[in-house]
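Visitor: Here is my input; please provide its structure:
(one chain, ligands or ions: 3)
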Amino acid sequence: MMMNGAPIEDGFPAERLFNQGYSYTYDDVIFLPHFIDFPTDAVHLNTKLTKNIHLSIPCVSSPMDTVTESSMALSMAALGGLGIVHYNNLASEQAALIRSAKSRRIPFISDPIFKTPSDSIDSFDDFASSPCVFVTQSGNSKSKLLGVVAKSDWESLSDKDAPVSDYMSASPVTAPSSYSLEQVASFLASKKLGFVPLVSERDGEVLDLVTTADVERICGFPKLGGLPSIGKDGDFMVGAAMGTREQDKERLEHLVKAGANVVVLDSSQGNSIYQIEMIKYVKRTYPDLDVVGGNVVTAYQAQNLIQAGADALRVGMGSGSICTTQEVCAVGRGQATAVYKVSSIAEQCGVPVIADGGIANSGHIVKALVLGASTVMMGSFLAGSNEAPGIYEYQGGRRIKKYRGMGSLEAMTKGSDVRYLGDSAKLKVAQGVVGAVADKGSVLKFIPYTMQAVKQGFQDLGASSLQSAHDLLKSRILRLEVWLRFVQEQLKLKAGCMIWYTMRRNPSEISKLSFRAANHVCNLDPVQCDI
Ligand SMILES: NC(=O)C1=CN([C@@H]2O[C@H](COP(=O)(O)OP(=O)(O)OC[C@H]3O[C@@H](n4cnc5c(N)ncnc54)[C@H](O)[C@@H]3O)[C@@H](O)[C@H]2O)C=CC1
Ligand SMILES: O=c1[nH]c(=O)c2[nH+]cn([C@@H]3O[C@H](COP(=O)(O)O)[C@@H](O)[C@H]3O)c2[nH]1
Ligand SMILES: [K+]
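Guide: Residues are numbered from 1 along each chain as shown. Ligands and ions are numbered 1, 2, ... in the order given. Next up, the predicted model:
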């Protein structure tokens, strides 16, 4: 805008703010509002995860063993995002998690109960929380479904010692696992059924038990409007993490066979000879498989991995909520600066950037995307959801789920047999902590709300898409400032924080490190959604 012919200078263009020798986290910077000439619904958040993978929403779940297994991967894909299955397990176990997510059509994983024909049902407990028990030759999901025993039928049974084959309903009604949610819903309604097993057409395996209550619950989640993430194979897209050691080549084979659509080379400092060689190996061996390199935080690191052939870069070092890398290794970068710097280089080469770590609210997502990222990767933001691995516990009256860094001693010890094969004699120094996050309900519910909040942020900035945000930033139209309010707030320790610092020898002495991490973890309040 011009006044008396001279442009009004206000705030800083990104280019100037990020070149003054300071390293900024998301909370250190704030955008100045721009001009609105479209409604919130006109904002589109569709994006690219890698050179070849398109997503409807810019959300990716972290490859961590307290964040992404089948249920998270399945639900993220259903939402139009993507989940990266962790590799703190055997290659066969990781492959099974990928297969499990990819074999489903609706964002739902149940835990059906199975018996063999000669088994008996001794008590109510045998049903757990299921409305029925399935009968197969093998007593598990892998063989043909022979019959079903509904809880209500078992109740009225006089001889409870009889084998289930004596009283099961033979050839029960089933629905194909390829049914969409709408098809399952109308199937249940038209047949007046309370539940139905979903059976694979390929091998007859019982995949899930869906009840009318499940269908109603899933149908009740807010609609995002975008398409789910479906690969060329027609299945949900699922990503997988892996390392850069020799045995990871074998793991890669398992991942490819399981149908992984993208692999992420998981390292805190990706600019290494090991990673460059692994990127080249992946591209050489599986030219159609996209590979994400990282983590990087500088233009130099980024250039090396782009040259090696990375199809996307994962950005962030020391930015995660459970992270202690900056304290332990004195290396890292403020995440806002890292995302801006790496994106500036990556964009010139057409390589999308994944802003990894440090996302605690929808505003952080807006900042990451506007500063140049194409997607955000989230750990703590998702770890309290129903879809994250682990069970809910109670701490001080709050329902919580465990969340731990993959560099924490606990996670390293769990994976040491497989991941750090041969390294077991080496000294291990933790670069992460073990903590907990509050129950947030289903990602199917809170991610749509979060995306709506992100759209409102984009609208305030006058950006109707990721590309337009990036263009506005580059052309110096979008302005920012450093916001000191957050720096002060960071110093205040929030009450009611829950953290177990695994390296703690003396319980009364909570180290400075765990305090910092505790503060981060406690900042993770669920998105405000009035449902
Ligand atoms: N984003 C972040 O700021 C951080 C993330 N983490 C997470 O913690 C976990 C562990 O991270 P890292 O310690 O970086 O794991 P890493 O496996 O990349 O590195 C462990 C060590 O092994 C070395 N190494 C890697 N490939 C090798 C090969 N082929 N031969 C010999 N040595 C090799 C590395 O150079 C490094 O010294 C990851 O899940 C990572 O994402 C950990 C710290 C910081
Ligand atoms: O310094 C670290 N020590 C760890 O033990 C660790 N484990 C995971 N990560 C990284 O943190 C990201 C998730 O961060 P948020 O919880 O903030 O989303 C993840 O996506 C990782 O990049 C770690 N960083
Ligand atoms: K390291």
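Visitor: list the contacts for the residue nearest to Ala310 when sequence neighbours are not counted?
Guide: Leaving aside its sequence neighbours, Ala310 sits nearest to Gly293 (CB to CB, 6 or more residues apart in numbering; 3.4 Å). The C-beta positions use only the backbone N, C-alpha and C, and glycine is treated the same way. Contact analysis of Gly293 by CB atoms under 8 Å, 6 or more residues apart in numbering lists Leu265, Gly270, Gln275, Ile279, Leu305, Ile306, Ala308, Ala310, Ala312, Leu313, Arg314.
Visitor: would Gly293 count as being in a strand?
Guide: Yes: according to DSSP: H, G, I helix; E, B strand; the rest coil, Gly293 belongs to a strand.
Visitor: Can we start the residue count at 52 from this point?
Guide: OK, 52 is where the count begins now, so the last one is Gly344.
Visitor: Can you list the residue ranges for helices in the stretch 352-501 of the chain?
Guide: For the stretch 352-501 of the chain, the helices defined by DSSP state H, counting those that start in this stretch occupy 376-380, 386-399, 413-421, 431-434, 460-466, 494-512.
Visitor: Could you state which residue of this protein sits nearest its centroid?
Guide: Central residue of the chain (CA atoms, centre = their mean): Ser112, 1.6 Å from the mean position.
Visitor: Dihedrals phi and psi, that residue?
Guide: For Ser112, the backbone dihedrals (degrees, to the nearest 10) come out as phi -100, psi 140.
Visitor: what's the helix or strand harbouring Lys331 packed up against?
Guide: Lys331 is part of helix 324-336 when elements are defined by DSSP states H and E. Counting contacts by 3 or more CB pairs under 8 Å, 6 or more residues apart in numbering; DSSP states H and E, helix 324-336 packs against helix 298-308, strand 313-316, strand 341-347, helix 350-359.
Visitor: Is there contact, residue-wise, from the third one to ligand 1?
Guide: Read it as strand 341-347. Yes: remark: strand 341-347 sits within contact range of ligand 1 at Asn346, by CB under 6 Å from any ligand atom.
Visitor: That strand versus helix 350-359: what angle between them?
Guide: Interaxial angle, strand 341-347 versus helix 350-359 (axes from the mean of the first three to the mean of the last three CA atoms, to 10 degrees): 160 degrees.
Visitor: relative to helix 386-399, how tilted is strand 341-347?
Guide: On the basis of the same axes, to 10 degrees, strand 341-347 is oriented at 140 degrees to helix 386-399.
Visitor: Now do the buried residues in strand 341-347.
Guide: Asp341, Val342, Val343, Gly344, Gly345, Asn346, Val347 (16 or more other CB atoms under 10 Å).
Visitor: Counting neighbours, what do you get for Asn322?
Guide: Asn322: 20 surrounding residues under other CB atoms under 10 Å.
Visitor: Skipping adjacent residues, who's closest to it in space?
Guide: Gln352 (3.8 Å).
Visitor: OK, contacts around that neighbour?
Guide: By CB under 8 Å, 6+ apart, Gln352 lies in contact with Gln320, Gly321, Asn322, Val393.
Visitor: Among those residues, which one is most surrounded by other residues?
Guide: Counting by other CB under 10 Å, top hit in these: Val393 with 33 neighbours.
Visitor: pLDDT score assigned to the closest residue to ligand 2 within the stretch 302-451 of the chain?
Guide: Residue of the stretch 302-451 of the chain nearest ligand 2, by CB to the nearest ligand atom: Gly371 (2.5 Å). Residue-level confidence at Gly371 comes out at 88, pLDDT.
Visitor: Next one: the nearest residue in space to it that is not next to it in sequence from ligand 1, what distance?
Guide: Once flanking residues are discounted, Gly371 sits nearest to Gly408: 3.7 Å by CB to CB, 6+ apart. Gly408 sits 6 Å away from ligand 1, taking CB to the nearest ligand atom, to the nearest Å as the criterion.
Visitor: Number of residues surrounding Gly408?
Guide: 24.
Visitor: Could you verify my assumption that it touches Arg365?
Guide: No: counting by CB atoms under 8 Å, Gly408 sits too far from Arg365 to count as a contact (9.3 Å).
Visitor: So in this protein, where's the weakest helix or strand by average pLDDT?
Guide: One helix or strand of the chain scores below all others by mean pLDDT, DSSP states H and E: strand 550-551, with a mean of 35.
Visitor: Run through the residues that contact Val199.
Guide: Cys183, Val184, Phe185, Val186, Met219, Ser220, Pro223, Pro248.
Visitor: what about 10 Å?
Guide: 163, 182-186, 215, 219-225, 246-248, 257, 260 (CB atoms under 10 Å, 6 or more residues apart in numbering).
Visitor: Name the nearest residue to it, sequence neighbours excluded.
Guide: Pro223 (4.0 Å).
Visitor: Please determine how far that neighbour is located from ligand 1.
Guide: Counting by CB to the nearest ligand atom - Pro223 and ligand 1 are separated by 44 Å.
Visitor: Kindly report the same for Ser174.
Guide: 43 Å.
Visitor: right, and that residue touches Lys202 too?
Guide: No: using CB atoms under 10 Å, Ser174 is not in contact with Lys202, being 11.4 Å away.
Visitor: which of the residues in stretch 349-358 are buried?
Guide: Buried, per 16+ other CB under 10 Å, within stretch 349-358: Thr349, Gln352, Ala353, Gln354, Asn355, Leu356, Ile357.
Visitor: Setting aside sequence neighbours, what's the nearest residue to Cys183?
Guide: Nearest non-adjacent residue to Cys183, counting by CB to CB, 6+ apart: Ala201, 4.8 Å away.
Visitor: What about that neighbour, how many residues nearby?
Guide: Ala201: 16 surrounding residues under other CB under 10 Å.
Visitor: can you tell me which residues contact Pro158?
Guide: Counting by CB under 10 Å, 6+ apart, Pro158 touches 122, 125-130, 152, 232, 269, 272, 279, 287, 438, 493-495.
Visitor: and with 7 Å instead?
Guide: Applying CB atoms under 7 Å, 6 or more residues apart in numbering to Pro158 gives the contacts Leu125, Ser126, Ala129, Ile269, Leu495.
Visitor: Verify the stated contact: the first one with Arg155.
Guide: In other words, Leu125. Yes: at 5.6 Å, Leu125 and Arg155 qualify as touching, with contact defined as CB atoms under 7 Å.
Visitor: who has more neighbours, these two?
Guide: Leu125 (26 against 23).
Visitor: Give the helix, strand or coil label for Gly134.
Guide: strand.
Visitor: and stretch 314-331, does that touch ligand 1?
Guide: Yes: against ligand 1, stretch 314-331 shows contacts by CB under 6 Å from any ligand atom at Asp317, Ser318, Ser319, Gln320, Ser323, Tyr325.
Visitor: Just give me the closest of these to Arg296.
Guide: Arg296 has its nearest neighbour among these in Tyr325, at 7.4 Å by CB to CB.
Visitor: intersection of neighbour lists for Gly408 and Arg365?
Guide: Shared contacts of Gly408 and Arg365 (CB under 7 Å, 6+ apart): Met428.
Visitor: The nearest residue to Ser189 once chain neighbours are set aside and Gly198, how far apart?
Guide: Take Ser189 and drop its neighbours on the chain: the residue closest to it by CB to CB, 6+ apart is Thr167, 6.9 Å away. From Thr167 across to Gly198, the span is 11 Å (CB to CB, to the nearest Å).
Visitor: And Ile149, by the same measure?
Guide: 31 Å.
Visitor: When the two are compared, which one has more neighbours?
Guide: Using other CB under 10 Å, the more surrounded residue of Ile149 and Gly198 is Ile149, with 28 against 18.
Visitor: Now do the helix or strand encompassing that one: which elements does it pack against?
Guide: In this structure, Ile149 sits in helix 142-153 according to DSSP H and E. On a contact count with 3 or more CB pairs under 7 Å, 6 or more residues apart in numbering; DSSP states H and E, helix 142-153 meets helix 121-130, strand 133-136, helix 298-308.
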